[in-house]
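Trainee: below is the structure, and that's it, no one-letter string:
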């Protein structure tokens, strides 16, 4: 029996990808209205397609829909950032705990290889393209979580991906690419040695940097 052809992306999915890229690149800033009519005019899509695409972004929490105000790019306050980091920390801590239970304090090369490849990809990003750096940084954490082999934890963590990227894109913490790579290579060693405690330390540090950057931007 021949393999089924790959499923074609729908028009709402493709438009959602376009709009998400505009948001996560910083071209559409926090609080920017996402008006159906304007988007339909500039992209050539029907209003119902635009409506479906915006619903996807709202579901991802990249955008918010408010009565009488329509849809806007999500704008985070400090409490949102802290809550998001706490949820991320719970998922990443459990993934690391599972990895420690499976492999002890020295994880095998097959487990470490994808994370190291993600770190190499991060090292290749230029300092002046922060959205690309933020995506590569998120990939390191996403790959580490996936290494635990828990489909539910991976899926839950993946659902946070767009929100986490949006936090970083909306305000750049005090990071360079070289600094991020050094920090995350140390982090990879620390999670093997210290387990969830290393996750809590790492995310507490990154939360402070994000909040400090937000305060400076304000």
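Mentor: Happy to help now that I have it. None of these values were measured; they are calculated from a predicted model.
Trainee: contacting residues around the residue nearest in space to the middle of the chain?
Mentor: The chain has residue 161 as the residue nearest its centroid, 2.9 Å off, counting by Cα atoms, centre = their mean. Applying Cβ atoms under 8 Å, 6 or more residues apart in numbering, we find residue 161 in contact with 138, 142. Every residue, glycine included, has its C-beta placed from N, CA and C.
Trainee: quick check, pLDDT for it.
Mentor: For residue 161, the model assigns a pLDDT of 90.
Trainee: what of the one 5 residues further on?
Mentor: Reported pLDDT at residue 166 in the predicted model: 90.
Trainee: from what I can see it touches residue 62, true?
Mentor: Yes: at 5.9 Å, residue 166 counts as touching residue 62 under the criterion of Cβ atoms under 8 Å.
Trainee: joint contacts of these two?
Mentor: Contact with both residue 166 and residue 62 is made by residues 23, 24, 74, according to Cβ under 8 Å, 6+ apart.
Trainee: from those residues, pick the one nearest residue 40.
Mentor: Of all the shared contacts of residue 166 and residue 62, residue 40 sits closest to residue 23, with 17.5 Å by Cβ to Cβ.
Trainee: any idea how far the closest one lies from residue 117?
Mentor: Residue 23 sits 27 Å away from residue 117, taking Cβ to Cβ, to the nearest Å as the criterion.
Trainee: picking up where we left off before, most neighbours, which of the shared contacts of residue 166 and residue 62?
Mentor: Each of these was scored for neighbours by other Cβ atoms under 10 Å, and residue 23 scores highest at 26 neighbours.
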